[in-house]
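A.B. asks: Structure, please.
(2 chains)
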Amino acid sequence: MNVRISSKINLRNSVIYIVFAGIFALFSIILFNKGFLSPDNLLNIARQTAMISIMAVGMTFVLCVAEIDLSFGAVVALSALVTAMTLRATGSIPLSVLAGLGSGVAVGLFNGFFIAQIGIPSFLVTLGTTGIVSGIARWISHLQSIPIDNDAFVFVFGSGDLGPVPILFVWTLIVAVIGVLVLKKTAFGLKTLATGGNKISALYSGIKTNRIKLGVMVLNAVLAALAGILYAGRLHGARYTLGDSDVMIVIAAVIIGGTSMFGGKGSVIGSVLGALIMGILNNGLILMGLDVDQQLIFRGIIIITAVTLTMREKKS
Amino acid sequence: MEANAIEVRNLNISFDGVKVLEGVDFTLGVGETHALVGANGAGKSTLVKILNGIYHKDSGEISVFGSSTPYDSAQGARERGIAMVYQDLSLVPPLTVTENIFLSRPPFRKGIFLNTAKAHDEAVKILASLGVDTVIDPDSRIEDISVGQQQLVEIAKALSLEPRILILDEPTASLSNSEINVLFRVIERLKGRGISIIYITHYLRDIFKICDRVTVLRDGSVVLAKPVAETDIWELVHEMVGGQAETSVVWKRTEPAPGVKPLLELENVTTRSIRDVSLHVFPGQVVGIAGLLGSGRTELFRALYGLDRRISGRIVVNGREVAIRSPSDALAAGIALVPEDRRKQGLVLDFSVEQNIMLPILRKLRGKMLLSGKKSGTLVDHYIKYLMVKTQDRRQHVRYLSGGNQQKIVVAKCLASEASVLLLDDPTFGVDIHSKLEIMRIVREFAAAGKAILFVSSEFKELAEFCDEIYILKKGSVSGDVRRNVTEDQLMQMVQ
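C.D. replies: Numbers count the residues shown, from 1 in each chain, chains lettered A, B, ... in the order given. Below is the predicted model:
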């Protein structure tokens, strides 16, 4: 019995690699003539997935601590707008980036306070926060795009290349590596997993579980804010609609990556691979010439299929 | 000749390559009450889970009332007349007694609606057949009745399936003495109706009161199978532990040397549930807390460990008053707790042995920035060896360890935190005798190193044998303090 359990766990951990390889191989064959494998296209995928990957790293921690965050999509827009507006007003890159990240910290503290201190379910808190934050984003921008014309900013935060390597890829790599180390190799990571795995035992072991939950909500909001700043740099401007459609994709990427929705178990590498799967899917469906409606339908079907594959053994 | 209720021949099963049952033969006669005993990890639970269709055997034969058609689900077991009453109660707390009793069978209907009147009457009938219809109201919610009553409802639930074979897994573990007597009368009634019973227990004395035959498992094999009348408690204990361990704990009482200051002092500690509790523990002492369920013994620990807010009173450790508002404050003050419920409060079941032990001491395991795998590995391996934990290695998930070994991991966490005061809340509950003796040995060594132990146990015999001093707790207050040798019976009288 235990033999079967452990081999299933291994299978579960490796399913993400199999799904990844499968989708990649499939598109390589079907879309070979449409340039799926061309270096340009692959770099493009890396650029398009960067923000999803970064947010997926944060969401991994949130699911590991057995909470959920629906408000990070709104944080993307708020942070992008705050950064763009501060940059326009002051011309200072450090100040504008700090302002953008600061908006993330503020939302994270707000969420964390109600979840950890007051004890309201994260689903409800962050649903509420989504409304508040999107409202603020629409209000401060008057529903207008705010352009960015600072070349240094757009180079570092999204549009630049270091030799052949897109700078967004570098950002992804940095966040992913730090994420892996923090989750698996630091006290904070182990405390996060323990709090999600069994909150009472964690508390009895002297872990301040409320503080850990607060920390995780802030971490996730800050990473979403970083994603917002990168969107602003890549698109040369910010708009209140940024991040809207990312919420479902990021959560799906993390779950496909093997992180438990019930806390206590998670993989940052899995989440990044999950995000790449989402990126390849997006890219492949466009190259196939599907229109937006069809893309949405296909993406939904593929997400459900992939999650079904990775969660199959949960039933027993 | 009529076939036996259950006949098991040469049964084998392995988990993770480890043989858990090897060549087990087991016979349950019709109408017989058969005790199944053994140390934790001996394979009792595994055997009955196979019989109940939950685990799948690797090889061997099982026949039920002469039919050896295989089945591989609880449903299959049910169709053959087997019902099981689990150790962890499987009731739904917000539902009523009646609703719970009929949870595992199709509901009574009237057209498309539920026939609640019929369900109520049927529930009363089942409870009456157990002779407990006057004790349990079928309309009360499970969360509002006592654990003892819940246990009886659990049996009623199993009986709603009209089984011919009933498996009881540690039914007395959480019951008070009077509740146990009620349970035994119920078992007698079931016997009278010709129901065959497999009775798993750690309480060997009970076997001689209600069982006809006994089978002893040790390390996955049957080492003894006899009519109860032909054996005695010493033989059972001997077969269970395989003659490797002492059969009783001998303990010399330590009097504090004159002039030594207490290591732990409580002065008039008051919380929502305890009142004006004062006590002290000297270095090297094991101090017991004797009290019935609800006397405030667990609540006293909750106050000491920062889980319940203190309204007034002082806690002094090593001569210094400490402010304890959370478990992390308690650990920082050198107080560690082995909690009552190891699975819910002591362990993260999906964590490895290593990760569990690391949790309270993460600060000490830090390298420059990251956790040092080398430090934790050495430390954890040391405790696995010192506590003789039966585990593959430190990466094994604690979920798959037996109860006794899980408890050792909880103890290891406390030792690793280098506490000077250890609070033990019923540390040997549901633990086999072998692990129990080992845990006692560790506790003794801990005290001998000049540290202090506060000890709560549901077994007064253990307190009487083990403690240097015993405080009697009644309704949240200390009502007495015993410093001489006492017997179990005397203690029992004092707490009433």
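
A.B. asks: May I ask you to confirm that residue B:102 is in contact with residue B:120?
C.D. replies: No. If you go by C-beta atoms under 8 Å, residue B:102 and residue B:120 don't touch, sitting 10.2 Å apart. Bear in mind the C-beta positions are built from the backbone N, C-alpha and C, glycine included.

A.B. asks: neighbour count winner among the two?
C.D. replies: For residue B:102 versus residue B:120, neighbours defined as other C-beta atoms under 10 Å in any protein chain shown are more numerous around residue B:102 (20 against 16).

A.B. asks: contacting residues around the more buried one?
C.D. replies: When contacts are counted by C-beta atoms under 8 Å, 6 or more residues apart in numbering or on different chains, residue B:102 is found next to B:108, B:119, B:122-123, B:157, B:160.

A.B. asks: how far away is it from residue B:122?
C.D. replies: 7 Å (C-beta to C-beta, to the nearest Å).

A.B. asks: shared neighbours of the two, anything?
C.D. replies: B:108, B:160.

A.B. asks: Please produce TSV containing the contacts of residue B:102, extended by distance to chain A and neighbour count.
C.D. replies: Formatted as TSV, the contacts of residue B:102 follow (distance: C-beta to the nearest C-beta, whole Å; neighbours: other C-beta atoms under 10 Å in any protein chain shown):
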residue	distance to chain A	neighbour count
B:108	30	15
B:119	30	19
B:122	33	17
B:123	32	26
B:157	24	23
B:160	26	19
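
A.B. asks: which stretches of the stretch 1-150 of chain B form helices?
C.D. replies: B:44-51, B:74-79, B:97-101, B:116-129, B:147-159 (DSSP state H, counting those that start in this stretch).

A.B. asks: scratch that, chain A
C.D. replies: For chain A, the helices defined by DSSP state H occupy A:2-30, A:39-64, A:72-90, A:93-112, A:122-141, A:151-154, A:167-185, A:187-197, A:199-204, A:209-235, A:246-256, A:268-287, A:292-311.

A.B. asks: Generate TSV for those, with mean neighbour count and distance to residue B:421 as supplementary columns.
C.D. replies: Shown next, in TSV, are those (neighbours: other C-beta atoms under 10 Å in any protein chain shown; distance: least, C-beta to C-beta, whole Å):
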stretch	mean neighbour count	distance to residue B:421
helix A:2-30	15	37
helix A:39-64	23	33
helix A:72-90	26	44
helix A:93-112	21	33
helix A:122-141	18	37
helix A:151-154	16	58
helix A:167-185	19	32
helix A:187-197	25	23
helix A:199-204	23	15
helix A:209-235	26	23
helix A:246-256	24	42
helix A:268-287	23	39
helix A:292-311	15	45
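
A.B. asks: out of the ones you listed, nearest to residue B:131?
C.D. replies: Across these, residue B:131 has its closest neighbour in helix A:199-204 (37.6 Å, C-beta to C-beta).

A.B. asks: So for the residue nearest to residue B:342 when sequence neighbours are not counted, what's the pLDDT?
C.D. replies: Spatially, and ignoring its direct neighbours in sequence, residue B:342 is nearest to residue B:410 (5.0 Å; C-beta to C-beta, 6 or more residues apart in numbering or on different chains). In this model, residue B:410 is scored at 94, pLDDT.

A.B. asks: Just give me the neighbour total for residue B:410.
C.D. replies: Residue B:410 has 26 nearby residues by other C-beta under 10 Å.

A.B. asks: Could I get the phi/psi values of it?
C.D. replies: phi -60, psi -40 (degrees, to the nearest 10).

A.B. asks: Report the contact partners of it.
C.D. replies: B:338-339, B:342, B:346-347.

A.B. asks: Can you pull the residues of the stretch 201-316 of chain A lying near chain B?
C.D. replies: Applying C-beta under 8 Å from any C-beta of the partner chain, we find that the stretch 201-316 of chain A lies next to chain B at A:201-208, A:264-265.

A.B. asks: State the distance from residue B:331 to chain A.
C.D. replies: 4 Å (C-beta to the nearest C-beta, to the nearest Å).

A.B. asks: isn't there a helix covering that residue?
C.D. replies: Yes. Under DSSP: H, G, I helix; E, B strand; the rest coil, residue B:331 falls within a helix.

A.B. asks: Look at the closest residue to it other than its chain neighbours and say how many residues are nearby.
C.D. replies: Distance criterion C-beta to C-beta, 6+ apart; nearest residue to residue B:331, sequence neighbours excluded, is residue A:206 at 4.1 Å. Residue crowding around residue A:206 was assessed by other C-beta under 10 Å; the count is 25.

A.B. asks: So for the residue of chain B positioned farthest from its centre, what's the pLDDT?
C.D. replies: Distance from the C-alpha centroid of chain B, by C-alpha atoms, centre = their mean, peaks at residue B:111 (44.7 Å). For residue B:111, the pLDDT comes out at 81.

A.B. asks: And it, how close does it get to chain A?
C.D. replies: Taking C-beta to the nearest C-beta, one finds residue B:111 at 34 Å from chain A.

A.B. asks: ok, so of the residues of the stretch 201-316 of chain A next to chain B, who is nearest residue A:36?
C.D. replies: residue A:265 (33.3 Å).

A.B. asks: circling back to that earlier point, and the gap between the residue farthest from the centre of chain B and residue A:32?
C.D. replies: Counting by C-beta to C-beta - residue B:111 and residue A:32 are separated by 63 Å.

A.B. asks: Please apply the same query to residue B:142.
C.D. replies: 63 Å.

A.B. asks: And residue A:84, by the same measure?
C.D. replies: On the measure of C-beta to C-beta, residue A:84 and residue A:32 end up 40 Å apart.

A.B. asks: pLDDT added to the contacts of residue B:102, as a markdown table?
C.D. replies: Below are the contacts of residue B:102 laid out as a markdown table (pLDDT from 0 to 100):
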| residue | pLDDT |
| --- | --- |
| B:108 | 84 |
| B:119 | 89 |
| B:122 | 90 |
| B:123 | 92 |
| B:157 | 90 |
| B:160 | 87 |
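
A.B. asks: got the contacts of residue B:410 as TSV, with distance to residue B:37 and neighbour count columns?
C.D. replies: Listed next are the contacts of residue B:410 as TSV, based on distance: C-beta to C-beta, whole Å; neighbours: other C-beta atoms under 10 Å in any protein chain shown:
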residue	distance to residue B:37	neighbour count
B:338	25	24
B:339	27	25
B:342	21	25
B:346	25	28
B:347	25	28
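
A.B. asks: among those residues, which are in strands?
C.D. replies: residue B:338 (DSSP state E).

A.B. asks: nearest to residue B:432, of the contacts of residue B:410?
C.D. replies: residue B:342 (13.8 Å).

A.B. asks: The closest one is in contact with residue B:406, isn't it?
C.D. replies: Yes. If you go by C-beta under 8 Å, residue B:342 and residue B:406 touch, sitting 5.4 Å apart.
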